[in-house]
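In: Kindly return the folded structure for what I paste below:
(one chain, ligands or ions: 2)
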Amino acid sequence: MGKTLAQKIISAHLVDGDMTPGSQVALRIDQTLTQDATGTMAYLEFETMGIPRVRTELSVAYVDHNTLQCGFENADDHRYLQTVAAKYGVRFSRPGNGICHQVHLERFGIPGKTLIGSDSHTPTGGGLGMLAFGAGGLDVAVAMGGGAYYITMPKMYKVNLVGSLQKNVTAKDISLEILRILSVKGGVGAIIEWGGEGIANLTVPQRATITNMGAELGATTSIFPSDGQTKKFLEAQGRGNAFVPLESDPDALYDLEITIDLDELKPMIACPHSPDNVVAVETLSDVKVDQVCVGSCTNSSLQDMLKVAAMLKGRTIAPGVSLSISPGSRQVLSMLADCGALNDILASGARLLECACGPCIGMGFSPNSGGVSLRTFNRNFLGRSGTRDGQVYLVSPETAVASALTGFITDPRTVEADVTYQVPAQFKVDDSGVLMPLPEGNDGEVLRGPNIKEFPKSKPFADHLTAEIVLKVGDNITTDHIMPAGAKILPYRSNIPYLSNFCFEVCDPEFPARAKQAGDGIVIGGTNYGQGSSREHAALVPMYLGVRVVIAKSFARIHVANLINAGILPLTFKNPADYDWVAQGAKLTFADIRASMACGELVITDEESGRSFVGICDLTERQQNILLAGGLLNYTKNGGQ
Ligand code: MIC
Ligand code: SF4
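Out: Ligands and ions are numbered 1, 2, ... in the order given. I've put the predicted structure just below:
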């Protein structure tokens, strides 16, 4: 039987385990990336491992999230990241150099290599034929130290594209369409491979838009073959020698196959507050728009920006609309400036923001109260924009610009004039925004600011635990609910005690105080608990507040790994109906934890009523040992692999 492309890359990097779906595999990791919001924690963890230099082929530390410097905190963190990277052999992409995924695609991605990044959109690299995963910071730290990355061997899904994209229908619309079909949990436990005749015309940045938003499907990762388009992109970046052709075997088997007919596809839009709340743009044409944002790691390539500039050329945006443009990298910005397209953008009345995540993570540019904001981004979770009642819609750059021009949600196919633009065959290569590390054996000093607080310590599990249900929440809880981001809180990503004041703020502002008072705590969740970001803070902060166990109907992949790494026991309801009667405030007892973990089921008893239910504990032996040790850091320190 033939292999899929993902199976081929996995088997070439297999350190341990067998490749049967559902069993655990350990992979050798060639490259890592971190960004600043998760990176400080990852390097603090790396430092505690006592390894003198990273052992990957390439590791890059980016600064792109916390670029507003409203006090000393972010600037101190940037300085910490720059000095720690220099000392341990990591390249440092300076603030302003661009969004990690965009820069990594342009300058460092290599087909067939493995990459993990402390950011859930790391699968962007799949657009280049890389096997790229989002992971918690601690997993990235371990990989930097040469350790393997453990995942559950995924199932294989295939999406076949047939036909070709019609005018002003884009790769973003393909992403939104697959979210409409599969939902935000439809990709859980699977790698999504893209193929079919329709991919031949998709450029690498367009493919990267699609693999980027595979994160919103909950997929383990997404990947395109490495073909003529890949070669062309790498050559344009002056990296033609990194090209290798890669594809699946023709007789490879998939667990699910879906076909999307591009000839039929329309511009799509995700309505508030979930990326899978998707309808055709044409159905919303009377909705008035207050704000439009173009950028983010999903849609900030040169190709996207040239199209945007061409659509804006000679026009002005509607008076009621505020339009922001954030180019994905310094390369994109500088090439826009060189060819004059930047002027077309500015003359339209748009506001130019830094080459960074910016509004996507609530770092400025929050919409007005109740404002309708159209964004080319990948997430529209409640409150993420920084405005609690903001109405955020996700769209393509074409729909974004068409709507900015009219002031209403507008199907870009109705914009009359034909726009033309040309992506140059050669890109402007200037890597001066990436600093090389100091030579091996250096005695570089690592500079830490007062905002960096000690890493919280988790407790090993005893055999018996009684704890209170400190919070009960519903389905699809995101990491933005658990540990919000935004300009006010993000600067404290290396200060867990301060961050803890905001934990679950969107669901229940009383949560932090209640959890602290309870001592040992339990959180009850619905399906797909922890979807969204890779931020390990969504596990570390609850751990700091005393949460020992999360019982949910199901979990998102990266979050469940982060819970285990932080020493929090994740359990799923054996009978989902038990979710209905367990109540916030109740005390639950877990007996014989060690033996029950090993047999995969824990009996949990409600103290007051004496009623019991079963929690499934689907953990490998290694994961059990991590929990018994009180988290991955303790486990690694004790010599665990
Ligand atoms: C996001 O898009 O939510 C983030 C911010 O990039 C996160 C990482 C973080 O929380 O720092 C992600 O997607 O992993
Ligand atoms: Fe940055 Fe937004 Fe991409 Fe996250 S999703 S990496 S915040 S641009």
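
In: And the residue most central in space within the chain, how far from Ala132?
Out: The centre of the chain sits closest to Ser120, judged by C-alpha atoms, centre = their mean, with a distance of 1.9 Å. To Ala132, Ser120 is 11 Å away according to C-beta to C-beta, to the nearest Å. C-beta: built from backbone N, CA, C; applies to glycine.

In: So which bits of the stretch 51-200 of the chain are right by ligand 1?
Out: Proximity of the stretch 51-200 of the chain to ligand 1, by C-beta under 6 Å from any ligand atom, involves residues 65, 119-121, 134.

In: Need those residues in a markdown table (columns: pLDDT and secondary structure).
Out: Compiled in a markdown table, these are given as follows (pLDDT from 0 to 100; DSSP: H, G, I helix; E, B strand; the rest coil):
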| residue | pLDDT | secondary structure |
| --- | --- | --- |
| His65 | 98 | coil |
| Asp119 | 98 | coil |
| Ser120 | 98 | coil |
| His121 | 98 | coil |
| Gly134 | 98 | strand |
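
In: which one of those residues sits closest to Ala280?
Out: His121 (25.3 Å; C-beta to C-beta).

In: wait, doesn't that closest one sit right on Thr209?
Out: No: in this structure His121 lies outside contact range of Thr209 using C-beta atoms under 8 Å: 10.7 Å.

In: where does the protein come near ligand 1, residue by residue?
Out: 37-38, 65, 119-121, 134, 361, 379, 485, 532-535.

In: try 5 Å this time
Out: By C-beta under 5 Å from any ligand atom, the residues of the chain that approach ligand 1 are 37-38, 119-120, 361, 533-535.

In: of all the residues you listed, which two lie farthest apart?
Out: Ile361 and Ser534 (12.8 Å).

In: Pull out the buried positions in the worst-scoring helix or strand of the chain on mean pLDDT.
Out: Lowest mean confidence among the helices and strands of the chain (mean pLDDT, DSSP states H and E): helix 632-637, at a mean of 87. Judged by neighbour count (16 or more other C-beta atoms under 10 Å), helix 632-637 contains these buried residues: 632-636.

In: Restricting to these, which residues neighbour ligand 2?
Out: Answer for the buried residues of helix 632-637 near ligand 2: none qualify (C-beta under 5 Å from any ligand atom).

In: In TSV: those, plus distance to Val549.
Out: Shown next, in TSV, are the buried residues of helix 632-637 (distance: C-beta to C-beta, whole Å):
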residue	distance to Val549
Leu632	17
Leu633	19
Asn634	18
Tyr635	18
Thr636	22
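
In: Quote the end-to-end distance of stretch 9-19.
Out: End-to-end distance of stretch 9-19 (C-alpha to C-alpha, to the nearest Å): 12 Å.

In: Show me how far stretch 106-114 is from its chain's centre.
Out: Offset of stretch 106-114 from its chain centre (C-alpha atoms, centre = their mean, to the nearest Å): 18 Å.

In: Could you say which helix or strand holds Lys158?
Out: Applying DSSP states H and E as the criterion places Lys158 in strand 155-162.

In: and that strand, what other elements does it pack with?
Out: In terms of contacts (3 or more C-beta pairs under 8 Å, 6 or more residues apart in numbering; DSSP states H and E), strand 155-162 is packed against strand 190-195, strand 256-261.

In: mind running it again at 10 Å?
Out: helix 5-12, helix 171-182, strand 190-195, strand 256-261 (3 or more C-beta pairs under 10 Å, 6 or more residues apart in numbering; DSSP states H and E).

In: any chance of the ones you listed in a markdown table, with mean pLDDT, mean neighbour count and distance to Val332 too?
Out: Converted to a markdown table, the helices and strands packed on strand 155-162 look like this (pLDDT from 0 to 100; neighbours: other C-beta atoms under 10 Å; distance: least, C-beta to C-beta, whole Å):
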| stretch | mean pLDDT | mean neighbour count | distance to Val332 |
| --- | --- | --- | --- |
| helix 5-12 | 98 | 20 | 28 |
| helix 171-182 | 98 | 25 | 16 |
| strand 190-195 | 98 | 26 | 24 |
| strand 256-261 | 98 | 14 | 28 |
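
In: Could you provide these in TSV, with additional columns for distance to Ile269?
Out: Formatted as TSV, the helices and strands packed on strand 155-162 follow (distance: least, C-beta to C-beta, whole Å):
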stretch	distance to Ile269
helix 5-12	30
helix 171-182	7
strand 190-195	22
strand 256-261	17
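
In: top of the residues of the stretch 51-200 of the chain next to ligand 1 by neighbour count?
Out: Counting neighbours by other C-beta atoms under 10 Å, Asp119 leads those with 31 neighbours.

In: wait, what's in contact with that one?
Out: 33-35, 37-39, 62, 64-65, 99-101, 134-135, 137, 140, 215, 297, 357, 533-535, 558 (C-beta atoms under 10 Å, 6 or more residues apart in numbering).

In: how much space between it and ligand 2?
Out: 5 Å (C-beta to the nearest ligand atom, to the nearest Å).

In: what's the burial count for the closest residue to that residue other than its chain neighbours?
Out: Distances taken as C-beta to C-beta, 6 or more residues apart in numbering put Gln35 closest to Asp119, at 5.2 Å, once the chain neighbours are dropped. Gln35 is flanked by 31 other residues according to other C-beta under 10 Å.

In: Kindly state the pLDDT recorded for Gln35?
Out: At Gln35, the model reports a pLDDT of 98.

In: Next to ligand 2, which bits of this structure? Give me the list.
Out: 121, 296-297, 357, 360-361.

In: okay if I get these as JSON lines plus secondary structure?
Out: Formatted as JSON lines, these follow (DSSP: H, G, I helix; E, B strand; the rest coil):
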{"residue": "His121", "secondary structure": "coil"}
{"residue": "Ser296", "secondary structure": "coil"}
{"residue": "Cys297", "secondary structure": "coil"}
{"residue": "Cys357", "secondary structure": "coil"}
{"residue": "Cys360", "secondary structure": "helix"}
{"residue": "Ile361", "secondary structure": "helix"}
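
In: Settle it for me: which of Ile361 and Ser534 has more neighbours?
Out: Legend: neighbour count by other C-beta under 10 Å for Ile361 and Ser534, higher for Ser534 (30 against 25).

In: In contact with the more buried one, which residues?
Out: Contacts of Ser534 by C-beta under 10 Å, 6+ apart are 35, 38, 116-122, 133-137, 139-140, 215, 479, 556-559, 561-562.

In: same thing with Ser596?
Out: 463, 590, 602-604, 614-615, 617.

In: Now it, what are its backbone angles?
Out: Main-chain torsions, Ser596, degrees, to the nearest 10: phi -70, psi -40.

In: Next, find the distance separating the residue nearest to Glu536 when sequence neighbours are not counted from Pro439.
Out: Nearest non-adjacent residue to Glu536, counting by C-beta to C-beta, 6+ apart: Gly136, 4.0 Å away. For Gly136, the distance to Pro439 (C-beta to C-beta) stands at 30 Å.

In: between the two, which one's more packed in?
Out: Gly136 (31 against 9).

In: So that one sits against Ala539, correct?
Out: Yes: in this structure, Gly136 is within contact of Ala539 by C-beta atoms under 10 Å, at 7.4 Å.

In: Need the overlap of contacts for those two.
Out: Contacts common to Gly136 and Ala539, judged by C-beta under 10 Å, 6+ apart, are 558-559, 561-566.

In: still on that earlier bit, assess the claim that the residue nearest to the centre of the chain and Cys100 are in contact.
Out: No: in this structure Ser120 lies outside contact range of Cys100 using C-beta under 10 Å: 11.5 Å.

In: what helices or strands is the strand or helix carrying Asp580 leaning on?
Out: Using DSSP H and E, Asp580 sits in helix 578-581. Where contact means 3+ C-beta pairs under 10 Å, 6+ apart, helix 578-581 is packed against strand 547-552, strand 569-573, strand 601-606, strand 612-616.

In: Tabulate the ones you listed in CSV, adding columns for mean neighbour count, mean pLDDT and distance to Ala26.
Out: Listed next are the helices and strands packed on helix 578-581 as CSV, based on neighbours: other C-beta atoms under 10 Å; pLDDT from 0 to 100; distance: least, C-beta to C-beta, whole Å:
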stretch, mean neighbour count, mean pLDDT, distance to Ala26
strand 547-552, 24, 98, 25
strand 569-573, 23, 98, 20
strand 601-606, 18, 97, 25
strand 612-616, 17, 98, 23
